[in-house]
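> next come a sequence and a model predicted from it.
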There are 2 protein chains.
Amino acid sequence: MLYADYNGSSPMLNEVKDYLRLRMQSNIFANPNAIHSLGQKINSAINESRKTLAQYCGCDPYQIIFNSGASEGITQILSSILNEAREDQKIIITSPIEHSVVLNILEHYEKVKGFKIIYTNVDLHGQVDLNHLRELISEYKCAIVCVMAVNNETGVFQPYQEIASLCKEVSVPYFCDTTQLIGKVPFNFNESQLDYAVCSGHKLGALPGSGFMIIKDRTQLKPLIFGSSQEGGQRGGTQNYLGIETLAIAMKEHFNSYSLINNLEQEKLLFEKNMKINFPEVQIIGEDHPRLPGTTLIGLAGIHGQAVQIELEAQDIFVTTSSACTDNNPETSKVLKAMGVNEDIGRSVIRISLSPSCLKEDYSKLSKALGQAYLKLKKIDAFGY
Amino acid sequence: MLYADYNGSSPMLNEVKDYLRLRMQSNIFANPNAIHSLGQKINSAINESRKTLAQYCGCDPYQIIFNSGASEGITQILSSILNEAREDQKIIITSPIEHSVVLNILEHYEKVKGFKIIYTNVDLHGQVDLNHLRELISEYKCAIVCVMAVNNETGVFQPYQEIASLCKEVSVPYFCDTTQLIGKVPFNFNESQLDYAVCSGHKLGALPGSGFMIIKDRTQLKPLIFGSSQEGGQRGGTQNYLGIETLAIAMKEHFNSYSLINNLEQEKLLFEKNMKINFPEVQIIGEDHPRLPGTTLIGLAGIHGQAVQIELEAQDIFVTTSSACTDNNPETSKVLKAMGVNEDIGRSVIRISLSPSCLKEDYSKLSKALGQAYLKLKKIDAFGY
């Protein structure tokens, strides 16, 4: 099996599996808020995990708040900011290529609370137009700027550090969706000047249902899920301590494999080059910009992406046609539409996303299988199907 | 080790451990929303788990919404109801013995949204006064009635089915916190006439960070965590599929062990009887009402509960002084205060909570250790400490 959907979700890391196997033998299971030593041991483990994550994410342990994942983090951060917006600042500046979670929340605030959303332009290759964003920020008094760090479909890096500086200059809160960034490339919260970051455990190969936020100034955050004093009163509910422990294990592994990223990137570029040599009409979406190592969004006009996905699956290779959350829609994704990608290419794309643990042979296998799929499907297409 | 804090959290069930060990060998890890067969397999497993839980909880699979646990469920349900309350109905009827999550949310609505909270009386033995509640319901036009099914500290059952009938008569939404009920005793959502129920995986011995709500009429529910179309659009975020799978495994085990409940209850009553014979001044809180099998809240005036807890821990027995969430507070708990329990007893209590898997020997061990602790601490007390 070749799993090539790491942007959708990462399979559980072997180190996490090993940890859980041992952990299940320990019999240390209790409520981390209990007064007895079992509870206190678990509470200590939570705080050790917090320290580990802080170390690998370049922040203070106190800035980390554990939760159930990025969707929860995004909802809590955005609603904390938007609920406090002044009446004369009910404007949101964002991009049309944000994840559907972000866009759905912002549209909710538009519909229900009277906010106005202004979208920044995105270039043909999937990057937010920084000059346009600069103009918008100086033109509108906005409550928030909301631009992701990396696009989940194209893998294109957004200029988030420059946006953070821009926002700092005019004292506007900046929310950067870091869901696809953390764990995939080195990340330093403090150096990046971000106000907020979010992370989902299942993207890291930790237990699904785990996650955390990093919050520069915790006083700005309001609880979303109520509870007692867990997470300093900012996230109620008995802590998902096993999830938290695996977050630290997984993040450590990612940190250690950052040295393999360049290699992954080189193998990817070679794969893309070969595909273009063999199929000159192939398009690699976003290739003019720096992209996540391991992510390729590739299309061949006239061929249906879903058909390619099925052909690959017959060879035990698992890819998607866009992001997992919009995957069932056979149309061109919103992200590609915003980039001005035409329907013919838009419907043809598949997303390949590998991790640094993948091998040179994986790209060879992909290359061969994708080539065969294209040849087969082009032939069918030529018969007028 | 004798773990006697099942009301705080249940250790992971052996069946859940066995399941996870096998599950980790399967390599089926992916985003359940992905189009490929790995994603679809996981999505099917989620829906199979939903069916299993529905079967054991007496509801329709469609009424189950997975989330991160009871605190999230409580927050989502209460805010869905209270945000829709009419201006002339901004009254909440609740009890003073609710879990701190519930009380904290209600107090938030009091402070921020101008609701008025009216508390029903509670009798000396920890049960909500149904007659008083009836009066309140007929006197006030309220937005919600909010009374738990079982108190987490005393284990005392509340008359939740009667309250459900009362509320139905006057068409008032009833929120019943079922966190301590589900999995501990047979539960049938539809037969109980409840509108809402909540459950935390960690109370069942499933993975922490998992949970679900049961919602009679899903159209009444608003999303708390935004996302895409997961859980019918009512709970965003990539599903905690491992957590969900373990919920079904754990619930099946609890269902199968309901036959052991009577035995647990008999052993508990025998233990309590022996404690009262040996220490006539001992008090069993709530003993005049039906209580959760396996739950004993026991106090001996003049002795500090925390000291007892430490003495027991020295013998590898783990109990708490009240609920885990308020455990660090050495004062009489809010629940006991509301019941009119005096400070001398209130500060002395420890909560013992066992599960049907516990053995006769466990109560013998407890009896012996608790007796020794009382003798020792009484002696110290006699010296004026």
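Arrived safely, thanks for sending. Everything numeric here is computed off the predicted structure, so don't read it as measured data.
> find the closest residue to chain B in the stretch 51-200 of chain A.
Scanning the stretch 51-200 of chain A for the residue nearest chain B gives A:S71, at 3.4 Å (criterion: Cβ to the nearest Cβ). (Glycine included, C-beta is placed from N, CA and C.)
> so that residue touches A:S100, yeah?
No: here A:S71 lies out of contact with A:S100, judged by Cβ atoms under 8 Å, at a distance of 9.9 Å.
> need the overlap of contacts for those two.
B:G227 (Cβ atoms under 8 Å, 6 or more residues apart in numbering or on different chains).
> give me the more crowded residue out of the two.
A:S71 (29 against 21; other Cβ atoms under 10 Å in any protein chain shown).
> would you mind measuring from A:D344 to B:T219?
40 Å (Cβ to Cβ, to the nearest Å).
> out of the two, which sits in the busier spot?
Legend: neighbour count by other Cβ under 10 Å for A:D344 and B:T219, higher for A:D344 (13 against 7).
> does the more buried one count as helix, strand or coil?
The local conformation at A:D344, judged by DSSP: H, G, I helix; E, B strand; the rest coil, is helix.
> kindly report the same for A:N152.
Under three-state DSSP, A:N152 comes out as coil.
> okay, it: pLDDT?
On the pLDDT scale, A:N152 is placed at 96.
> which residues touch it?
With Cβ under 8 Å, 6+ apart, A:N152 has these contacts: A:7, A:99, A:179-180, A:323.
> and it, backbone torsions?
Main-chain torsions, A:N152, degrees, to the nearest 10: phi -70, psi -30.
> gap between the closest residue to A:H202 other than its chain neighbours and B:F66?
In space, and not counting its chain neighbours, A:H202 is closest to A:P208: 4.0 Å by Cβ to Cβ, 6 or more residues apart in numbering or on different chains. For A:P208, the distance to B:F66 (Cβ to Cβ) stands at 11 Å.
> how many residues are close by A:S44?
A:S44, neighbours per other Cβ under 10 Å, totals 12.
> are whatever helix or strand it lives in and chain B in contact anywhere?
Using DSSP states H and E, A:S44 sits in helix A:37-57. Yes: Helix A:37-57 reaches chain B (Cβ under 8 Å from any Cβ of the partner chain) through A:37-39.
> ranges for the helices of chain A?
A:14-25, A:37-57, A:70-83, A:100-113, A:130-139, A:160-169, A:189-192, A:201-204, A:241-256, A:261-278, A:305-314, A:334-339, A:343-346, A:360-382 (DSSP state H).
> return the distance of the last one from the chain's centre.
Translated: helix A:360-382. 27 Å (Cα atoms, centre = their mean, to the nearest Å).
> what of the second one?
Relative to the centre of its chain, helix A:37-57 is centred 24 Å away, using Cα atoms, centre = their mean.
> low-confidence ranges, the stretch 1-150 of chain A, go.
For the stretch 1-150 of chain A, no stretch has pLDDT under 70.
> residue numbers of it in contact with chain B?
Counting by Cβ under 8 Å from any Cβ, the stretch 1-150 of chain A sits next to chain B at A:1, A:3, A:5, A:8-12, A:17, A:20-21, A:24, A:27, A:29-31, A:33-39, A:67-72, A:74-75, A:100-101, A:104-105, A:108.
> give me the buried entries from those residues.
A:3, A:5, A:8-12, A:17, A:20, A:24, A:29-31, A:33-36, A:38-39, A:67-72, A:74-75, A:100-101, A:104-105, A:108 (16 or more other Cβ atoms under 10 Å in any protein chain shown).
> ok, the residue nearest to A:Y3 when sequence neighbours are not counted - contacts?
The shortest distance from A:Y3 to any non-neighbouring residue, by Cβ to Cβ, 6+ apart, is to A:F318 (5.2 Å). A:F318 makes contact with A:1-5, A:312, B:30, B:34, B:36-38, according to Cβ under 8 Å, 6+ apart.
> mind redoing it with 6 Å?
Counting by Cβ atoms under 6 Å, 6 or more residues apart in numbering or on different chains, A:F318 touches A:3-5, B:36, B:38.
> quick one: buried residues of stretch A:191-201?
In stretch A:191-201, counting by 16+ other Cβ under 10 Å, buried: A:192-201.
> widest-spaced pair of these?
Farthest apart among these by Cβ to Cβ are A:Q193 and A:G201. That separation is 25.2 Å.
> surely the residue nearest to A:H202 and A:S200 touch.
No: contact between A:P208 and A:S200 fails when scored by Cβ atoms under 6 Å: they sit 8.2 Å apart.
> enumerate the residues of the stretch 201-350 of chain A near chain B.
Proximity of the stretch 201-350 of chain A to chain B, by Cβ under 6 Å from any Cβ of the partner chain, involves residues A:202, A:208-209, A:225-228, A:236-238, A:240-243, A:313, A:318, A:320, A:324-325, A:327.
> doesn't B:S100 make contact with A:S228?
Yes: applying Cβ under 6 Å as the test, A:S228 and B:S100 come out as touching, 4.9 Å apart.
> that older thread, let me know the pLDDT of the residue nearest to the residue of the stretch 51-200 of chain A closest to chain B when sequence neighbours are not counted.
Distances taken as Cβ to Cβ, 6+ apart place B:G237 nearest to A:S71, at 3.4 Å, with adjacent residues excluded. pLDDT recorded at B:G237 is 95.
> need phi/psi at B:G237.
phi 100, psi 140.
> gap between it and A:G73?
Relative to A:G73, and taking Cβ to Cβ, B:G237 is found at 9 Å.
> hang on, the earlier thing: and of the contacts of A:F318, the nearest to B:E253?
B:L38 (27.5 Å).
> which non-adjacent residue is nearest the closest one?
Nearest non-adjacent residue to B:L38 (Cβ to Cβ, 6+ apart): B:A30, at 3.9 Å.
> hmm, the one you found is touching B:G39, no?
Yes: proximity of B:A30 to B:G39 meets the contact threshold set by Cβ under 6 Å, at 4.7 Å.
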